[in-house]
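>>> Quick one: sequence and predicted model below, then my questions.
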Amino acid sequence: MKFSINKDILVDSLQTVLGPTTSKQNLPILSSVLLNVFKDQLKLTTTDLDITTIASIKTEIKESGQTVIPMKRFLSIIRELPPQRITIEKNKNNLLIKCEKVEFKISTLNTEEFPQIQENSKASLIKLNPQKIEEMIKLTSFCVGYEDTNYVLGGILFEIMGNKIKLIATDGKRLAFIEKTLPINQPELVSKISFILPIKAVSELHKLLKEKENEIYLAVEENKVTFDLKDTQFIARPLEGEFPNYSQYIPKESKDVLTVDRKQLLFALKRASVLSTADYQGVKLELKKNNLTISKNTPQLGEVKETIETKYGGAHLEIGFNPNYLTDVLKNIDDNEVRIDFFGADKPAVLKKTDYIYLLLPMKI
């Protein structure tokens, strides 16, 4: 195996596939990258058995072959080389790396120990808009139950039916739902496609989607989903289990509707949160005609109160929330104003925007 490649291109590609190797692993092979050289391509593959990332780069190939190298060490070496063309060659159980007057020789691992990765057959591909999927992940991922005992809440539910795609996440105390239209000219979907993508896979996918402009493709099989991003393939094993019936928790429209400046509400909640402790997390929202008072009283610490002007014509209401649950959504949306529907002091409140619903349970103050 022997090839040459621009240093910056190789660094970028290694960073693209870095994610799966960052997990704590007992097997060194899972903290490594497979280099496969053939025709005019260098293919980089990493996996932790649950998620796999494959990046393909066109480069100057002098001799085909493959090898496995520890990712952390390899990437560290490449980063420190001069910004010139690098020549990489396998010699028995070593990898020779040359750049200008710099030469490294590092030990390789046994290629046969690297897991066999079955790539997507490109059958029944669903077109997706990367900007839309990135936004959908951004507005749902903070609701995932990271420490929840219910296994399926540790991921985001993807549902595809007709010309719509939906993403839903919940940790049992709040729920985020978003729906978007798929790009045109799709293959006909005769039945609903659904899978739960674990949060680690979601996070890695979100990184890969940034700055992507062209349409990407999704293929769903029995025990894996594949996102094809042209020069990169991302393969993940979905979670097994039944996601909660989220639709039953979303209430109908309320007459008690608050419209408020998003930034004003966000900053007021952040200021109130300064007095939060593990035992006293909640803040109180008091709604009167066209104004909202946010207050917090923490024993041995102090109290804070702030009133902001709003559009509100509903009944007088006092309700408590974990402020983090409100700030999480307010800092991730871009709207100047937000709408929140209230259904009583002991019922969930619902923040709504086009194609998006965020539901959160109140807490006693």
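Structure received. The shown structure was predicted, so the numbers you read here are calculated from the model rather than taken from an experiment. Numbering: from 1, shown residues only.
>>> all strands of the stretch 51-200 of the chain, in order?
51-58, 60-63, 65-70, 85-91, 94-99, 102-107, 126-128, 155-161, 164-170, 174-181, 193-198 (DSSP state E, counting those that start in this stretch).
>>> Report all helices and strands that the third one contacts.
It refers to strand 65-70. In terms of contacts (3 or more C-beta pairs under 8 Å, 6 or more residues apart in numbering; DSSP states H and E), strand 65-70 is packed against strand 32-38. C-betas here are computed from N, CA, C, even on glycine.
>>> Partner strands of the strand it packs on and their direction?
Partner strands and pairing direction for strand 32-38 (DSSP bridges) are strand 41-47 (antiparallel), strand 65-70 (antiparallel).
>>> out of those, deepest packed?
strand 41-47 (a mean of 21; mean count of other C-beta atoms under 10 Å).
>>> export that one as PDB, just CAs?
Only the C-alpha atoms of strand 41-47 are listed here, as PDB (Å, rounded to 0.1, in the frame of the first residue of the first chain):
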ATOM      1  CA  GLN A  41      -9.300   6.400  -3.800                       C
ATOM      2  CA  LEU A  42      -8.400   6.400  -0.200                       C
ATOM      3  CA  LYS A  43     -11.200   5.100   2.000                       C
ATOM      4  CA  LEU A  44     -11.100   5.800   5.800                       C
ATOM      5  CA  THR A  45     -13.400   3.700   8.000                       C
ATOM      6  CA  THR A  46     -14.000   3.900  11.800                       C
ATOM      7  CA  THR A  47     -16.500   2.000  13.900                       C
END
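>>> Adding distance to Asn245 and mean pLDDT, write the strands paired with strand 32-38 out as a markdown table.
Putting those into a markdown table (distance: least, C-beta to C-beta, whole Å; pLDDT from 0 to 100) gives the following:
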| stretch | distance to Asn245 | mean pLDDT |
| --- | --- | --- |
| strand 41-47 | 34 | 97 |
| strand 65-70 | 45 | 96 |
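>>> Now render the strands of the stretch 51-200 of the chain as JSON lines, adding distance to Ile308.
Listed next are the strands of the stretch 51-200 of the chain as JSON lines, based on distance: least, C-beta to C-beta, whole Å:
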{"stretch": "strand 51-58", "distance to Ile308": "43"}
{"stretch": "strand 60-63", "distance to Ile308": "62"}
{"stretch": "strand 65-70", "distance to Ile308": "54"}
{"stretch": "strand 85-91", "distance to Ile308": "57"}
{"stretch": "strand 94-99", "distance to Ile308": "58"}
{"stretch": "strand 102-107", "distance to Ile308": "60"}
{"stretch": "strand 126-128", "distance to Ile308": "39"}
{"stretch": "strand 155-161", "distance to Ile308": "33"}
{"stretch": "strand 164-170", "distance to Ile308": "29"}
{"stretch": "strand 174-181", "distance to Ile308": "23"}
{"stretch": "strand 193-198", "distance to Ile308": "38"}
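>>> No more questions from me, cheers.
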